[in-house]
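coordinates only, sequence not included:
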C-alpha cells in the first residue's frame, strides 16, 4: 500500500484489516484464481479508494466491520476493472509486475475479473443496503461506459478536452465518488453530506487521472510500473497531447497520424507535448480540480478526517509515481 | 423465443413482457453497446431460464412486476456469460448470428458483458431482497469457477465423468437452479419449496447441458446455430467423447491427441464417438437427470405450473436444436 498512509497510523491499521478481508474473500477451490488475485492484492496498490471509504465512514456512525467490508468491496471493484482493462490493453505490466492476462492468458483474466465482481456483490449483500447496491451497480455501469468511450476514441486525433473529461469522469472519477459516498451513506450521514462527499470524490478523481496521464509522459518506467508513453502506443490521446495539439502547427499531428510509431516517433511526441505546453497546462487543470475539492472539503462537518482528506489531495497532486 | 412457449399463452405473454423489461434496461448513451445488446436479445434465445423464474414465482404470492424483473435479470445474467464465453472461445456465431466479439471486437465484448452484469445488479437492488442478491452473487461466482474449470481441462484427454459433471454443474446447472430458486424465494415460498426448486433446477440443467453436448456431435450447423463439433476443435472434451474414450482401444485417442484436427479428423472423431456408444450413453445419462427432476417436481405443492415444468423437461430432453 502507499507509503503515505504511514503518516496516519489508525488509517494504516484499518487498511491492513481491509487487505485481510480482501484476501479472505478471495479464497476459492481454484487455486489458480485464488493465487492470481492474491498476487494482485500483494502487488501494492495505493489503496486510495478504500482509504476514502474508511475516511467517509467517519463522518457518520462508524461501524468498523461494515466500513472495512465496504472499503474491501471498493478496492476489489477497482481490481476487477484493472484486470479487464489489462485484457483490452494487452498490458504486460501492472504495478511493475506481470499482469494476470500476460501470466495466465486473456481467458483466465476475463473470468477472474467476473469472479471479482461477483465477490464484491456478495460482500455488499451482507454489509450494505439495497439503496447502496443500486448506487454501486449504476456507478459500475458508468465505469464500463467510460471505458467504452475510451475505446470509441482510440486513434482519433481530434479528441476534444470535453470528450476527454467526459471519458475520465466515467472511467476514473466515478469510483472515487462512489468510494467517498458509500462509506458515508452506510454510516447514516445526511443526504447533503453524502452528496458533498460524492462531489469531492469526483474532483479528486479528475485530478488524479489527469496527473496519471501527465505521468505517462514524464515518468520513467521504474516509477509508475509500466512503460512510458504506453497510452500513445495504444492510440489513447490524453489531456497533455490534446492540449499540445491545440497549439500545434502540424508537426505533432503529422507524427501521431502515422499508422505505427517507432521509438524515435515516441520520443518526438513526448518532446513536442512538452514543448507545446501540454504538460504544464494539464498540471494547471489538475490543480483546478484539486482546489475545487479543497473548497468542498471545507464544507464538510468538523472532523479530524477532513485534514487527512486535504493532505491526501495535496500528496496526489504532487506525486511522481 | 422458443416456440414451445406458444403452448402456454399466459407464460408466453409474460415472457414478452420480460423481453420488454430487458430492452428498457439496455438503454444507454452509447448506441453501440445498446444495439449490440438489443441484437442479442432479438436473436431469439430460448428464454428457458426466465420462464423458470416466472413458473417458480407461481408457487408463492405472485407479484407480477417483481417476477418479471427477476426473470429479466436471470436472462441478462445468462447473456452476460454468453458474451464473455464467446470472447474466450473466439466464437464467430451464436444463435446463428455473428457474435458481439466477432462484430465489434473482443474489447467491446468484455465491457458489454460487464455492463450487463451491472444492469442485473441494478435491477436486483430494486426488486429483490439482500438475501437473494447474496445467493445470486454466490451462484454467479460458481458459474465463473465452472468456466475456469473448463479452461483448466482444455485439451486434456483424461477428463473423467466426474470432472465433466462438476464442470457442467457450475457452468450450466447453477443458473438453472438459481432461476427456479429466486422466483420462489422472492414470492415468499417456504425454505423447503425453495430448496426443492433449486434441486429441480440442478437436474434440469444437468440434463440440458448433456443434451447440448450431444447435439454438438449430432446436429447440422443450421439447427443449433453454430458449427458442428465446435467443442472438440477448442479442446473441450464433453460427455459423449468421455464415454467413448472409456470403450476406445486406441484409435479415438490417437486422433484426439493430435495438435491440430483436419476436417477428416473431425468427421472421424464424430464417427467413432457414435460407434463407441458415446452418444447413446450420454442420452441415457440425460434421461436419468430428467427422471430425477420429474420425481422432485412431483413433490412440489399442487399447482398447474407443475405440469408445465414437467412438459418443459420432456421437450428439452427430446430436442434436436
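Yes, it's here. All of these numbers come straight from a predicted model, not from anything done at the bench. Numbering: from 1, shown residues only, chains lettered A, B, ... in the order given.

Please enumerate the helices of the stretch 151-300 of chain A.
With DSSP state H, counting those that start in this stretch as the definition, the stretch 151-300 of chain A shows helices at residue ranges A:161-168, A:174-186, A:191-218, A:221-224, A:230-233, A:239-247, A:251-256, A:263-275, A:278-298.

Quick check: which of these is buried the most?
For these, the stretch with the most neighbours on average is helix A:174-186, a mean of 27; neighbours defined as mean count of other Cβ atoms under 10 Å in any protein chain shown. Quick note: C-beta positions are derived from backbone N, CA and C, even for glycine.

Pretty sure residue B:130 is one of the things residue A:125 touches, is it not?
Yes - the pair formed by residue A:125 and residue B:130 meets the contact definition of Cβ atoms under 8 Å, at 4.9 Å.

Which one of the two is surrounded by more residues?
Each of residue A:125 and residue B:130 has its neighbours counted (other Cβ atoms under 10 Å in any protein chain shown); residue A:125 has more, 24 against 17.

Quick one: closest of the helices of the stretch 151-300 of chain A to residue B:238.
Evaluated over the helices of the stretch 151-300 of chain A, closeness to residue B:238 peaks at helix A:174-186, with 39.9 Å, by Cβ to Cβ.

Which strands and helices lie in contact with that closest one?
Contacting helix A:174-186 under the criterion 3 or more Cβ pairs under 8 Å, 6 or more residues apart in numbering or on different chains; DSSP states H and E are the following elements: helix A:48-57, helix A:64-89, helix A:130-152, helix A:191-218.

average pLDDT for it?
The average of the pLDDT scores along helix A:174-186 is 96.

Next: stretch A:236-244.
Averaging pLDDT residue by residue across stretch A:236-244 gives 94.

what's the spacing between residue A:187 and chain B?
In this structure, residue A:187 and chain B are 18 Å apart, going by Cβ to the nearest Cβ, to the nearest Å.

list the contacts for that residue?
Going by Cβ atoms under 8 Å, 6 or more residues apart in numbering or on different chains, residue A:187 touches A:56-63, A:66-67.

again, only this time at 7 Å
By Cβ atoms under 7 Å, 6 or more residues apart in numbering or on different chains, the residues touching residue A:187 are A:57, A:59-63, A:67.

The residue nearest to residue A:12 when sequence neighbours are not counted and chain B, how far apart?
Once flanking residues are discounted, residue A:12 sits nearest to residue A:5: 4.4 Å by Cβ to Cβ, 6 or more residues apart in numbering or on different chains. Summarising the geometry, the distance separating residue A:5 from chain B, computed by Cβ to the nearest Cβ, is 29 Å.

Number of residues surrounding residue A:5?
Burial of residue A:5 is recorded as 21 neighbouring residues (other Cβ under 10 Å).

tell me the contacts of it?
Counting by Cβ under 7 Å, 6+ apart, the residues that residue A:5 touches are A:11-12, A:15, A:47, A:51.

Phi, psi for it please.
phi -70, psi -20 (degrees, to the nearest 10).

Same check on residue A:97?
In this entry, residue A:97 is assigned phi and psi values of phi -120, psi 160 (degrees, to the nearest 10).

follow-up on the earlier one: Serialize the contacts of residue A:187 to JSON lines and add fields for distance to residue B:182, neighbour count and pLDDT.
Formatted as JSON lines, the entries for the contacts of residue A:187 read as follows, by distance: Cβ to Cβ, whole Å; neighbours: other Cβ atoms under 10 Å in any protein chain shown; pLDDT from 0 to 100:
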{"residue": "A:57", "distance to residue B:182": "31", "neighbour count": "28", "pLDDT": "97"}
{"residue": "A:59", "distance to residue B:182": "36", "neighbour count": "24", "pLDDT": "96"}
{"residue": "A:60", "distance to residue B:182": "32", "neighbour count": "19", "pLDDT": "95"}
{"residue": "A:61", "distance to residue B:182": "32", "neighbour count": "11", "pLDDT": "94"}
{"residue": "A:62", "distance to residue B:182": "34", "neighbour count": "13", "pLDDT": "92"}
{"residue": "A:63", "distance to residue B:182": "29", "neighbour count": "15", "pLDDT": "93"}
{"residue": "A:67", "distance to residue B:182": "30", "neighbour count": "26", "pLDDT": "96"}
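
Quick one: those as CSV, columns for distance to residue A:232 too.
Output for the contacts of residue A:187, formatted as CSV (distance: Cβ to Cβ, whole Å):
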residue, distance to residue A:232
A:57, 39
A:59, 40
A:60, 43
A:61, 48
A:62, 44
A:63, 45
A:67, 40
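
List just the nearest of those to chain B.
residue A:63 (16.1 Å; Cβ to the nearest Cβ).

Give the closest residue to the closest one in space, chain neighbours not counted.
Nearest in space to residue A:63, with sequence neighbours left out and distances taken as Cβ to Cβ, 6+ apart, is residue A:187 at 6.8 Å.

where does the one you found fall, phi/psi-wise?
For residue A:187, the backbone dihedrals (degrees, to the nearest 10) come out as phi -100, psi 10.

Which one of the helices of the stretch 151-300 of chain A has the poorest average confidence?
It's helix A:221-224: among the helices of the stretch 151-300 of chain A, that one has the lowest mean pLDDT, namely a mean of 46.

residues near residue A:39, how many?
Neighbour number of residue A:39 under other Cβ under 10 Å is 16.

The helix or strand harbouring it near chain B at all?
Secondary structure assignment for residue A:39, by DSSP states H and E: helix A:31-42. Yes - against chain B, helix A:31-42 shows contacts by Cβ under 7 Å from any Cβ of the partner chain at residue A:33.

Quick check, residue A:56 in contact with residue A:184.
Yes - the pair residue A:56 and residue A:184 qualifies as a contact (Cβ atoms under 7 Å) at a distance of 4.3 Å.

got any residues that touch both of the two?
Common neighbours of residue A:56 and residue A:184 (Cβ under 7 Å, 6+ apart) are residue A:197.
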